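> predicted model, plus sequence, below.
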Amino acid sequence: MRWDTAGAVGRGRARSSGTERAASGGMARGRPWRRRSPRPAPAAAAGLVIGVLLLTALGACGGGRSAGVGEAKGGTGPAGPGSAPPSASPPSTSPATVGSIGGPALHAGTTGRTLTTPDGRQRTYLVHVPSVAAPATSAMPATRGALPVVLVLHGGGGSARQAEQQTGMSAVADREGFLAVYPDGTGRRQTALLTWNAGTCCGYAHDNGVDDVGFVAALLDQLSRDYPVDPARIYATGMSNGAMMSYRLGCELAGRIAAIAPVSGAMNTTACAPSRPLPVIAFHGTADDKVRYDGGESSIGLRQGDERADRSVAEAMAFWTGRDGCPATPARSRQGAVVHGVYGPCALGGAVELYSITGAGHAWPGGARPREQADPPPPAPDASAVMWDFFTHHTLAA
């Protein structure tokens, strides 16, 4: 069976003017990358592929086991038969605490947890508590003592632990003061080769109709019971299949997620009807052959009959600029190989930005190489830091 998802969003390919395939150029020499402030424009899966090699290539994030986790607070229950085995949580690396205002102090560091979803699955995730709380600003007002949340979704074949290592988001959380949360997808073995049901992709999660949107909704409920979460400042990002899932969350959980930041992923949802304009910032290498910038079949060595075709970056931008009331053509700026497109001005509550990295492959910009065979990450932009800066300008309306 051939997976051809073209046209499911926006019916047909969007205008290519929505993004720019940058001309060849190197990275800025001798200058650290800085995200430029947005400025207004002038006018404006597939079945599970057998084998570790296949699924790890899909996410370009390596395979490996999911994090062994302990029982979550709040009555989630111990891991059941066949679920990921519990293991000791990593020790806190800092004696500092947060969240003591109006509740118990929380020790900084990363811990593993489980919960039982409404469909009866035991699901696992990591939570990284920062050593300091994010300060409130005029652009990002905060409930007293409450913490923002950034959900980080691993790529196909990856895991929560791998996503933490690849993205460096926990270091950003420590510096900026938010909860970094790394959920695990699902797989036949439940501890490896994990994927997300992102619409038309990928693997076990797609084949088995796993309710990953329901899992994320239940996870947000659990986080609010266990931590001092600010419900107006919850964000989602992901790599590859995880980026595809972040697009789906934007479509179906726009009432709970303030903004999304897909990295190296296509918008492969079968339908999308967000309840409100949703801020979106995306990152994609122009030489990505796993999830192609211009859309089309992946280079991953799938079995005959299992081919997957992804939508283009331009199609995703066209959908979100239309939903957010933004101009179709962005204002562009360049630093070395990085082209930053800002679509604006947009309707109230909307914002769309795109970072196109000339010559970059399937990788997390500014992140770590998850395995030796993976594409090398471009040094700029620092996607984790840049997306957090974008998030700070967007909250859910009261």
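In hand now; what should we look at?
> any idea how far A217 is from R276?
17 Å (C-beta to C-beta, to the nearest Å). From N, CA and C alone the C-beta is placed, and that goes for glycine too.
> give me the more crowded residue out of the two.
Between A217 and R276, counted using other C-beta atoms under 10 Å, A217 has the larger neighbour count: 17 against 14.
> the more buried one touches L249, doesn't it?
No - if you go by C-beta atoms under 8 Å, A217 and L249 don't touch, sitting 9.3 Å apart.
> low-scoring pLDDT stretches of the stretch 1-150 of the chain, where are they?
Within the stretch 1-150 of the chain, the segments meeting pLDDT under 70 span 1-105, 133-144.
> the same query, at a cut-off of 50, please.
Scanning the stretch 1-150 of the chain for pLDDT under 50 picks out the ranges 1-97, 99-104, 138.
> same thing with the stretch 151-300 of the chain?
Ranges of the stretch 151-300 of the chain meeting pLDDT under 50: none found.
> tell me which stretches of it form strands.
179-183, 229-239, 259-263, 280-285, 296-297 (DSSP state E, counting those that start in this stretch).
> Provide the backbone phi and psi angles at H107.
Dihedral pair for H107: phi -80, psi 130, per degrees, to the nearest 10.
> ok so, going back, could the strands of the stretch 151-300 of the chain go into CSV alongside distance to N197 and mean neighbour count?
Below are these laid out as CSV (distance: least, C-beta to C-beta, whole Å; neighbours: other C-beta atoms under 10 Å):
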stretch, distance to N197, mean neighbour count
strand 179-183, 13, 28
strand 229-239, 13, 26
strand 259-263, 16, 29
strand 280-285, 20, 28
strand 296-297, 21, 16
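> so which of those strands comes closest to T392?
Among the strands of the stretch 151-300 of the chain, the nearest to T392 by C-beta to C-beta is strand 229-239 (8.6 Å).
> the closest one to strand 259-263, inter-axis angle?
20 degrees (axes from the mean of the first three to the mean of the last three C-alpha atoms, to 10 degrees).
> just the CA atoms of strand 229-239, as PDB, please.
Extracted as PDB, the C-alpha positions of strand 229-239 are listed here (Å, rounded to 0.1, in the frame of the first residue of the first chain):
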ATOM      1  CA  VAL A 229       2.000  24.300  35.800                       C
ATOM      2  CA  ASP A 230       0.900  27.500  34.100                       C
ATOM      3  CA  PRO A 231      -1.900  26.400  31.800                       C
ATOM      4  CA  ALA A 232      -1.500  29.500  29.600                       C
ATOM      5  CA  ARG A 233       2.200  28.600  28.800                       C
ATOM      6  CA  ILE A 234       2.300  25.100  27.400                       C
ATOM      7  CA  TYR A 235       4.200  24.500  24.200                       C
ATOM      8  CA  ALA A 236       5.100  21.600  22.000                       C
ATOM      9  CA  THR A 237       8.000  20.700  19.700                       C
ATOM     10  CA  GLY A 238       9.400  17.600  18.200                       C
ATOM     11  CA  MET A 239      11.900  16.100  15.800                       C
END
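> so what are the sheet partners of it and their directions?
strand 147-153 (parallel), strand 259-263 (parallel) (DSSP bridges).
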